[in-house]
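A.B. asks: How does the following fold in three dimensions:
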Amino acid sequence: MYVVSPSTRRHERHVSVIPITYIVRSCHLIPVWGTSISSHTTATDPLDNLQAKFFVNPYLRHQDFILFRLLCNT
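C.D. replies: Modelled structure (predicted):
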């Protein structure tokens with residue numbers, strides 16, 4: 001899996017607002033928790049405040065996942 005993290009410059013987040021027409025598709029990010037999770041973490045906490053790295057799920061579309069499973073089983 002690929003690992004992504006927020007872009008920073010001089011220890012500050014580097015972000016920009018883009019037009020929605022630039023977005024090609026969505027992606028599924030899985031947080032990299034490490035060895036432990038804080039007991040103060042709740043389901044309503046935004047993940048960008050909790051974690052700096054994420055795995056990118058390569059099985060974005062369920063059709064791709066099914067195709068991959070079929071190809072691996074042959």
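
A.B. asks: then the helix ranked longest in the chain to CSV, C-alphas only?
C.D. replies: In the chain, ranked by residue count with DSSP state H as the criterion, the top helix is helix 62-72. Coordinates of each C-alpha in helix 62-72 appear next as CSV, following Å, rounded to 0.1, in the frame of the first residue of the first chain:
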residue,chain,number,x,y,z
HIS,A,62,-15.4,-2.8,-5.3
GLN,A,63,-15.3,-3.9,-8.9
ASP,A,64,-11.5,-3.8,-8.8
PHE,A,65,-11.4,-5.8,-5.6
ILE,A,66,-13.6,-8.5,-7.1
LEU,A,67,-11.6,-8.6,-10.3
PHE,A,68,-8.3,-8.8,-8.3
ARG,A,69,-9.7,-11.7,-6.2
LEU,A,70,-10.8,-13.6,-9.3
LEU,A,71,-7.4,-13.1,-11.0
CYS,A,72,-5.5,-14.3,-7.9
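
A.B. asks: tell me which strands and helices that helix is in contact with?
C.D. replies: Judged by 3 or more Cβ pairs under 8 Å, 6 or more residues apart in numbering; DSSP states H and E, helix 62-72 has no packing partners among the helices and strands. Heads up, the C-betas are built off the backbone N, CA and C, glycines and all.

A.B. asks: Show the average pLDDT along it.
C.D. replies: Averaged across helix 62-72, pLDDT comes to 75.

A.B. asks: Would you check the distance separating it from the middle of the chain?
C.D. replies: The offset between the C-alpha centroid of helix 62-72 and the centroid of the whole chain comes to 21 Å, using Cα atoms, centre = their mean, to the nearest Å.

A.B. asks: And the most centrally placed residue in the chain, how far from Arg10?
C.D. replies: When the chain is reduced to its mean C-alpha position, the closest residue under Cα atoms, centre = their mean turns out to be Leu29, at 1.9 Å. Distance of Leu29 to Arg10, given as Cβ to Cβ, to the nearest Å: 25 Å.

A.B. asks: Check Val4 too.
C.D. replies: On the measure of Cβ to Cβ, Val4 and Arg10 end up 20 Å apart.
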